[in-house]
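Novice: A predicted structure for the sequence below; I have some questions about it.
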Amino acid sequence: MTSTLTFALLIVVVALGFDFLNGFHDAANSIATVVSTRVLSPRVAVIWAAFFNFVAAFTFGTAVARTMGHGMIRLEAVNLYVILAGLLGAIFWDIITWYYGLPISSSHALIGGYAGAAVAKAGWGVILLDGWTKTLVFIILSPAIGFALGSLLMLVVYWIFRNWPPQRVDKYFRKLQLLSAAAYSFGHGTNDAQKTMGIIAGTLFSAGILQKFYIPFYVVLMAHAAIGLGTLAGGWRIVKTMGMRITRLKPVGGFCAETAAAISLLGTAMAGIPVSTTHTIAGGIMGVGSVQRFSAVHWGVARSIMWAWLFTIPVSGAVSYLCFWTIHHFFPAA
């Protein structure tokens, strides 16, 4: 029992490490627009985003965490080795894509890794198709919703402020962008931290520490603290891609993109759907850019990002599959 407890606590540490990396990797989502428009300096921006990542711990419940913890994989087929292998696959893909400056979904990397390791142990029957339907559909819908909302908000703003001088509009939206950046960071914390909560709760349940599956509040606080600290560290390679390489943003565009993404994230969090914060903000930025003029969006960069999105679940799943079999080779009881 002592060895099982020690191993479970080790996995919790690895899970929190992934959560930190999630915040580090996805810091670009939270701060890229507000930094690229020069509304906030990079250091102040990450503090602003990290604060609202953490504050999200006290709102919106844990519906996404419950979906991640027991809505996608049959819990009876999951053990601590499966969870560890799943985390390792997700961490691998996060590091690779961070190195190349590609803003992918850490959430989908975690989902793919978790599934790949479970399939390695128990076969394809371990997958709960109902839990996957919403997630897979929203891989397509979340950037599309972000794009549509970003475009719509930009058109509405253009119409409302059509007679204002550009300098006055810019000054006005520099202040408003502080609110939109806070709303987006709040939505990011609400959605992304919950995914690690589900994995940690699943670990504690599998180790017998929890007698039934639920999300203890201390797990909520740990997950939000880890993602907040990761955001504070900042992943500057991806900031450049999100804030400058997709399209050039002004404060009005940054406000519309962040607001569109925040609406998408908060809505899906309340519905318990684990969507990608990366997909929503990238879609919002593309929508804003396309309203200015279609060629304002660097579609070659956008295409590379989309390919990385498509590969996220299968690659992290394959790596986790191999990790599980490697673990099984050295620890046959796995």
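Specialist: Cool, got the structure. All values reported here derive from a predicted model rather than from experimental measurement.
Novice: all helices of the stretch 101-250 of the chain, in order?
Specialist: Assigned by DSSP state H, counting those that start in this stretch, the stretch 101-250 of the chain shows helices spanning 106-122, 129-160, 166-206, 217-233, 236-240.
Novice: ranking those by burial, who's on top?
Specialist: For the helices of the stretch 101-250 of the chain, the largest average neighbour count (mean count of other C-beta atoms under 10 Å) is found in helix 106-122, namely a mean of 27. All C-beta spots, glycine's among them, are computed from the backbone N, C-alpha and C.
Novice: sorry, back to before: so which of the helices of the stretch 101-250 of the chain is nearest residue 23?
Specialist: Closest to residue 23 of the helices of the stretch 101-250 of the chain, according to C-beta to C-beta: helix 217-233, at 2.5 Å.
Novice: low-confidence stretches in the stretch 1-150 of the chain?
Specialist: Low-confidence segments of the stretch 1-150 of the chain (pLDDT under 70): 1-2, 27-30, 57, 59-71.
Novice: now the stretch 201-334 of the chain
Specialist: 234-247, 269, 272-275, 294-296, 299, 333-334.
Novice: any chance of the helices of the stretch 101-250 of the chain in JSON lines, plus distance to residue 17?
Specialist: Formatted as JSON lines, the helices of the stretch 101-250 of the chain follow (distance: least, C-beta to C-beta, whole Å):
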{"stretch": "helix 106-122", "distance to residue 17": "12"}
{"stretch": "helix 129-160", "distance to residue 17": "23"}
{"stretch": "helix 166-206", "distance to residue 17": "10"}
{"stretch": "helix 217-233", "distance to residue 17": "8"}
{"stretch": "helix 236-240", "distance to residue 17": "18"}
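Novice: of those helices, give the one that comes closest to residue 266.
Specialist: Closest to residue 266 of the helices of the stretch 101-250 of the chain, according to C-beta to C-beta: helix 166-206, at 5.0 Å.
Novice: and residue 310, how many neighbours?
Specialist: Applying other C-beta atoms under 10 Å, we find 12 residues neighbouring residue 310.
Novice: one more: the one 5 residues further on?
Specialist: Residue neighbour count, defined by other C-beta under 10 Å, stands at 21 for residue 315.
Novice: and residue 318, by the same measure?
Specialist: Residue 318, neighbours per other C-beta under 10 Å, totals 17.
Novice: in a helix, that's where it is, yeah?
Specialist: Yes: judged by DSSP: H, G, I helix; E, B strand; the rest coil, residue 318 forms part of a helix.
Novice: grab the nearest non-local neighbour of it.
Specialist: residue 116 (6.1 Å; C-beta to C-beta, 6 or more residues apart in numbering).
Novice: quick one, phi psi at residue 207?
Specialist: phi -80, psi 0 (degrees, to the nearest 10).
Novice: of the helices of the stretch 101-250 of the chain, which is nearest residue 46?
Specialist: Of all the helices of the stretch 101-250 of the chain, it is helix 217-233 that lies closest to residue 46, at 5.3 Å by C-beta to C-beta.
Novice: and that closest one, how far out from the chain middle?
Specialist: 13 Å (C-alpha atoms, centre = their mean, to the nearest Å).
Novice: then stretch 208-219?
Specialist: Distance, centroid of stretch 208-219 to centroid of chain: 23 Å (C-alpha atoms, centre = their mean).
Novice: what ranges do the strands span in the stretch 1-150 of the chain?
Specialist: Shown for the stretch 1-150 of the chain, no strands are assigned by DSSP state E, counting those that start in this stretch.
Novice: distance between the ends of stretch 202-216?
Specialist: This stretch, stretch 202-216, spans 11 Å end to end (C-alpha to C-alpha, to the nearest Å).
Novice: same question for stretch 202-220.
Specialist: So stretch 202-220: terminal residues 13 Å apart, C-alpha to C-alpha.
Novice: try stretch 203-221
Specialist: End-to-end for stretch 203-221, by C-alpha to C-alpha: 16 Å.
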